[in-house]
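> Okay, sequence plus prediction incoming.
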Amino acid sequence: MKKNIHPPYFRTKLTCACGESFEVGSTRENLRVEICSKCHPFFTGKQKFIDTGGRVERFKRKYGLK
């Protein structure tokens, strides 16, 4: 590798809005995220399907699907 062209690489602490924190490798220090695998609905199994404003029904009416 060429010298002095790559950004510094850190072992840094990543903190989620839910309070979970863990160590990751990054070119930035002390990262904060809004959602992680501990609180994301896909990983927790609490996933919900929300039909906002009847979009599914409008789609079915528009294209004649039953």
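Arrived safely, thanks for sending. None of these values were measured; they are calculated from a predicted model.

> Report the buried residues of stretch 5-16.
Within stretch 5-16, the residues that count as buried by 16 or more other C-beta atoms under 10 Å are L14, C16. The way it works is simple: take the backbone N, C-alpha and C, and place the C-beta from them, glycine included.

> quick one, what contacts the closest residue in space to T44 that isn't next to it in sequence?
Take T44 and drop its neighbours on the chain: the residue closest to it by C-beta to C-beta, 6 or more residues apart in numbering is K38, 7.6 Å away. Taking C-beta atoms under 8 Å, 6 or more residues apart in numbering, we find K38 in contact with C16, C18, E20, T44.

> Looking at those residues, which are in helices?
T44 (DSSP state H).

> Now, of the contacts of K38, which are buried?
Buried positions within the contacts of K38, assessed by neighbour count (16+ other C-beta under 10 Å), are C16.

> what's the pLDDT at the spatially closest residue to F10 that is not a sequence neighbour?
Of all residues not flanking F10 in the chain, E29 sits nearest, at 5.3 Å (C-beta to C-beta, 6+ apart). You'll see E29 listed with a pLDDT of 88.

> Touching, E29 and R11? I think so.
No: assessed by C-beta atoms under 8 Å, E29 is found out of contact with R11, at 9.6 Å.

> Next, the contact list for the most centrally placed residue in the chain, please.
Centrality entry for the chain: nearest residue to the mean C-alpha point is I35, 5.4 Å, by C-alpha atoms, centre = their mean. Counting by C-beta under 8 Å, 6+ apart, I35 touches C16, A17, C18.

> again with F22
Neighbour list for F22: K13, L14 [criterion: C-beta under 8 Å, 6+ apart].

> same deal with the one 10 residues further on?
For R32, the contacting residues are L14, T15, C16, A17, by C-beta under 8 Å, 6+ apart.

> okay if I get those residues as JSON lines plus pLDDT and distance to H6?
Putting these into JSON lines (pLDDT from 0 to 100; distance: C-beta to C-beta, whole Å) gives the following:
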{"residue": "L14", "pLDDT": "90", "distance to H6": "21"}
{"residue": "T15", "pLDDT": "92", "distance to H6": "26"}
{"residue": "C16", "pLDDT": "90", "distance to H6": "28"}
{"residue": "A17", "pLDDT": "87", "distance to H6": "31"}
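
> Having no further points to raise, I will conclude here.
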